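> how would this look folded up:
(one chain, ligands or ions: 1)
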Amino acid sequence: MSTNPKKRSSRARPGHRPGESVRVLISNARVKQRLRQLGEEIRRDFPTEPLHLIGVLKGSVFFLADLARELGGEVSFDFLSVSSYGSGTDSTGEVKLIKDLDVSIEGRTVIVVEDILDTGLTLKYLLRFFEEKKPKHLRVVVLLDKVERRIADVHADYTGFPIPNEFVVGYGLDYDERYRNLPDVCVLQFGSRAKSKSGYRA
Ligand code: IMP
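Residues are numbered from 1 along each chain as shown. Now for the predicted structure:
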């Protein structure tokens, strides 16, 4: 193992392609600290209820895994997958169910765990989908909220961090399926902008 402090470990190397760079927006330590608070907030509202977490694949995987360990008491989880039509950094707002829930949520206290709230169109679709299944309570926790991008009239009950209108990757969030493994939430920059900011660089 290298002892040179200037040499990055393989975990810190983002694996980006030419013309792309990333800059840390929210460090993993800040995320973890906020998750502790979110866990407390959620448990304050539901001190004794068994909580059923539903993660929206794939961006919420690390968020759900870390949040679940901050929630005491009885916790179970399930996952579903939807696709937003569109590619690159923009979605068209059309949503399609790719993977359904494994178990019924009727009568359960459900916490939907989403990585990021952008236009809100995905969450609007999901809330309608879940409400039809008659949970006892339905709440939403999002790690990141791009408040100024909102189109649909939806909100999260618990929010990790409001963020500016920038495309972010890391801590589960991707660009073309890449960057999910970055420990921090980072802004992805393209082309000449990529050269002007500090951060992870090729
Ligand atoms: P919405 O339907 O526009 O709110 O978008 C929700 C989904 O778009 C999220 O669950 C993400 O998968 C994706 N998304 C929106 N903004 C970003 C971003 O900045 N980085 C990565 N994915 C994003």
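
> hang on, Y179 packs against V22?
Yes. Using Cβ atoms under 8 Å, Y179 is in contact with V22, at 6.9 Å. Where C-beta positions appear, they are placed from N, C-alpha and C, glycine not excepted.

> Of these two, give the one with the bigger neighbour count.
V22 (25 against 22; other Cβ atoms under 10 Å).

> now that one: how far from D115?
In this view, V22 and D115 are 16 Å apart by Cβ to Cβ, to the nearest Å.

> How about I54?
13 Å.

> With G55 instead?
In terms of Cβ to Cβ, G55 sits 9 Å off from D115.

> which bits of this protein sit near the ligand?
59, 84, 91, 114-123, 167-169, 173 (Cβ under 6 Å from any ligand atom).

> Report the spatially closest residue to F130, excluding sequence-adjacent ones.
L138 (5.6 Å; Cβ to Cβ, 6 or more residues apart in numbering).

> Assumed the one you found was part of a strand.
Yes. Counting by DSSP: H, G, I helix; E, B strand; the rest coil, L138 is part of a strand.

> okay, now it: neighbour count?
19.

> Just checking the distance from the longest helix seen in the chain to the centre of its chain.
Scanning the chain for the longest helix, with DSSP state H as the assignment, gives helix 28-45. Centre-to-centre, helix 28-45 and its host chain are 14 Å apart (Cα atoms, centre = their mean, to the nearest Å).

> now for that helix, which elements pack on it?
Helix 28-45 sits against helix 61-68, strand 137-145, strand 158-162, with contacts defined as 3 or more Cβ pairs under 8 Å, 6 or more residues apart in numbering; DSSP states H and E.

> now it against helix 61-68, angle please.
50 degrees (axes from the mean of the first three to the mean of the last three Cα atoms, to 10 degrees).
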